[in-house]
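Colleague: Predicted model, plus sequence, below.
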Amino acid sequence: MSEHTHDHSHAHSHVHTNNKKVLLISFILIFTFMIVEIIGGIIANSLALLSDGVHMLSDAISLGVALIAFIYAEKHPTVNKTFGYKRFEILAALFNGALLFVISIFIIIEAIQRFMQPAEVQSTQMFIISTIGLIINVIIAVMMFAGSDTEHNLNMRGAFLHVIGDLLGSIGALIAAVLIWLFGWNLADPIVSILMSLIILKGAWGVLKSSLNILMEGTPENVDLNTIIEAITEEPEIDNVHDCHIWTISNDMNALSCHAVVSPSLTMVETEAVLKRVEHKLNHLNIQHVTIQLETANHDHEDAVFCSTLHHDEHHHAHSHA
């Protein structure tokens, strides 16, 4: 038994190390090319290259955050940080989303001005830089898909999706460069930059909304409150549930606390069996941290007025104890 646990732990550690290694290499490649692309965008006078550079900046930040989150997640909780440092990832995501939002708006404003006063774009430099960008993004995407856990780890999946978005940005800049090169359509540059900025805005808005919901202790998007209540109250020993709170601590940890009303005749062994069954069910419903206070119907609440009782439909499971 202990040998199996050791093997599982070793495999998990190996995957974790792989994730960090892939993230570090990806971060170095993207950050380096991001600088090249932004300088190239200024030299070629291309907004599309600049907006793709901004997209790469967002990727570099996201990959950096994901990498730091992996490192910080390994830190144990302390007396002052009882949940550890898991919220760091959320704060960084909020900063990332706000930064992207502001930069994207600036690029759109600049692009609109270019419609009124078209600017000369150096299509050759733009073509060369966007081609190199596309190659780098393809290498990183393949490396992430083949060498890390993009299927099960939310952190890695988020980083992978960022890189896919960046890959599409490079394709957009490449198409704009070809159109300017072949047909002299300088307006292709602001058009592509607006399209990319809108994609970045959509992603930024999603990140901002999710981050704010987590920081406001909102109910997680991947949890259905009614399903949770049903899972708890379908236990014959539990009459109803009240003061139920569900919130997100970090991307991979949702927490629940509630009061459950049970029969006073329950023994300690029966109580523990009920709790074990409920915890097992809730784990399958995206709740990783469970705190349930069991009490009888006679339990007095000082704040009874503010206590919202949640019943499983109108019926309660009838039960009898010898």
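Modeller: Cool, got the structure.
Colleague: for the chain, which spans come out with low pLDDT?
Modeller: Within the chain, the segments meeting pLDDT under 70 span 1-17, 73-74, 148-155, 158, 251, 299-322.
Colleague: ranges for the helices of it?
Modeller: 2-44, 47-73, 88-116, 123-147, 154-183, 188-215, 225-233, 268-283 (DSSP state H).
Colleague: other SSEs contacting the fourth one?
Modeller: Same thing as helix 123-147. Counting contacts by 3 or more Cβ pairs under 8 Å, 6 or more residues apart in numbering; DSSP states H and E, helix 123-147 is packed against helix 2-44, helix 47-73, helix 154-183. Where you see a C-beta, it was placed from the backbone N, CA and C, and this is true even at glycine.
Colleague: Could you say which of those helices is packed most deeply?
Modeller: helix 47-73 (a mean of 24; mean count of other Cβ atoms under 10 Å).
Colleague: Residue 247 and residue 255 touch, don't they?
Modeller: Yes - counting by Cβ atoms under 8 Å, residue 247 does reach residue 255; the two are 5.8 Å apart.
Colleague: quick one: the closest residue to residue 253 other than its chain neighbours from residue 86, how far?
Modeller: Spatially, and ignoring its direct neighbours in sequence, residue 253 is nearest to residue 288 (4.9 Å; Cβ to Cβ, 6 or more residues apart in numbering). According to Cβ to Cβ, to the nearest Å, residue 288 and residue 86 sit 11 Å apart.
Colleague: Likewise for residue 142?
Modeller: Using Cβ to Cβ, residue 142 is found at 30 Å from residue 86.
Colleague: again, but for residue 170
Modeller: 33 Å.
Colleague: Same question for residue 99.
Modeller: In terms of Cβ to Cβ, residue 99 sits 22 Å off from residue 86.
Colleague: And residue 106, by the same measure?
Modeller: Remark: distance between residue 106 and residue 86 (Cβ to Cβ) = 33 Å.
Colleague: quick one, longest strand in this structure?
Modeller: Taking DSSP state E as the criterion, the chain has its longest strand at strand 238-250.
Colleague: Sheet-wise, list the partners of it with their directions.
Modeller: strand 253-262 (antiparallel), strand 309-310 (antiparallel) (DSSP bridges).
Colleague: Dump the longest one to PDB, keeping only the CA atoms.
Modeller: Pointing back at strand 253-262 there. Only the C-alpha atoms of strand 253-262 are listed here, as PDB (Å, rounded to 0.1, in the frame of the first residue of the first chain):
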ATOM      1  CA  MET A 253      -9.700  24.700  -4.900                       C
ATOM      2  CA  ASN A 254     -13.300  25.400  -4.100                       C
ATOM      3  CA  ALA A 255     -14.400  25.500  -0.500                       C
ATOM      4  CA  LEU A 256     -17.800  24.900   1.200                       C
ATOM      5  CA  SER A 257     -19.000  25.600   4.800                       C
ATOM      6  CA  CYS A 258     -22.500  25.000   6.000                       C
ATOM      7  CA  HIS A 259     -24.700  24.000   9.000                       C
ATOM      8  CA  ALA A 260     -26.500  20.600   8.600                       C
ATOM      9  CA  VAL A 261     -29.500  19.700  10.900                       C
ATOM     10  CA  VAL A 262     -29.400  16.100  12.000                       C
END
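Colleague: got the angle for it vs helix 225-233?
Modeller: With axes from the mean of the first three to the mean of the last three Cα atoms, to 10 degrees defining the directions, strand 253-262 sits at 50 degrees from helix 225-233.
Colleague: buried ones in strand 253-262?
Modeller: 253-256, 258-262 (16 or more other Cβ atoms under 10 Å).
Colleague: which one of these is nearest residue 42?
Modeller: Among these, residue 253 lies closest to residue 42 (Cβ to Cβ), at 42.5 Å.
Colleague: All set now, cheers.
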